[in-house]
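S.K.: Build me a model:
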Amino acid sequence: MDDVRDGVIGVWRVGWSGRLMGYVLAVGPMCAALSAWLGVLSHPDAQSAGSAGIVTAVALGFGLIAWWGLLRTRLELATDVIVMVNPWGTQRLPWSRVSAVSLGNWGAQFHTTDGFTYTAYALSDLAGGTRQDERFADVRRLVDAQLHGEQTL
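M.R.: Numbering: from 1, shown residues only. Model (predicted):
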């Protein structure tokens, strides 16, 4: 995370155990749906097709929830803006509005000059397997360097 590529200083995602859970939530039901459709091929009737359709809809729901809540969530520090992709939305925060950063219960909290706080969910306890204070130390080091005009490389 020490080199700048295409204006991106660093990217943090949900930790490996959270991402693994996301993939399991997405792939497991999809395997069940595939199995149901293979059953339709061996016993083609309306009841089998209806069951396979329901299993497929449930699998798509689980996949969407896993992707939306765990797999797409990230924090990007770029040279001009902070991008927080959270399950409830994406926030773009210009560096000029940032006054400080702290670690809260739900992730890294970026405090603005006008008193608002934006939370990056990617640094929440879902990062499992990696201590939050270690991941946050990298974020704080880069934020402090960016706020104080220091070289981040």
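S.K.: residue ranges with poor pLDDT in the protein?
M.R.: By pLDDT under 70, the low-scoring segments of the chain are 1-5, 125-131, 150-153.
S.K.: one more time with 50
M.R.: Applying pLDDT under 50 to the chain picks out residues 1-2, 152-153.
S.K.: Spell out for me which residue occupies the centre of it.
M.R.: Geometric centre of the chain, nearest residue: Thr73, 1.4 Å, by Cα atoms, centre = their mean.
S.K.: Looks like that one contacts Val14 (just checking).
M.R.: Yes - using Cβ atoms under 8 Å, Thr73 is in contact with Val14, at 5.2 Å. From N, CA and C alone the C-beta is placed, and that goes for glycine too.
S.K.: Backbone torsions only: list them for the closest residue to Ser102 other than its chain neighbours.
M.R.: In space, Ser102 comes closest to Gln109 once its chain neighbours are excluded; the distance is 5.0 Å by Cβ to Cβ, 6 or more residues apart in numbering. Per-residue torsions, Gln109: phi -110, psi 120 (degrees, to the nearest 10).
S.K.: same check, this time on the one 3 residues further on
M.R.: Per-residue torsions, Thr112: phi -100, psi 170 (degrees, to the nearest 10).
S.K.: and the gap between it and Ile82?
M.R.: Using Cβ to Cβ, to the nearest Å, Thr112 is found at 10 Å from Ile82.
S.K.: and for the two, which residues touch both?
M.R.: Leu93, Val98, Tyr118 (Cβ atoms under 8 Å, 6 or more residues apart in numbering).
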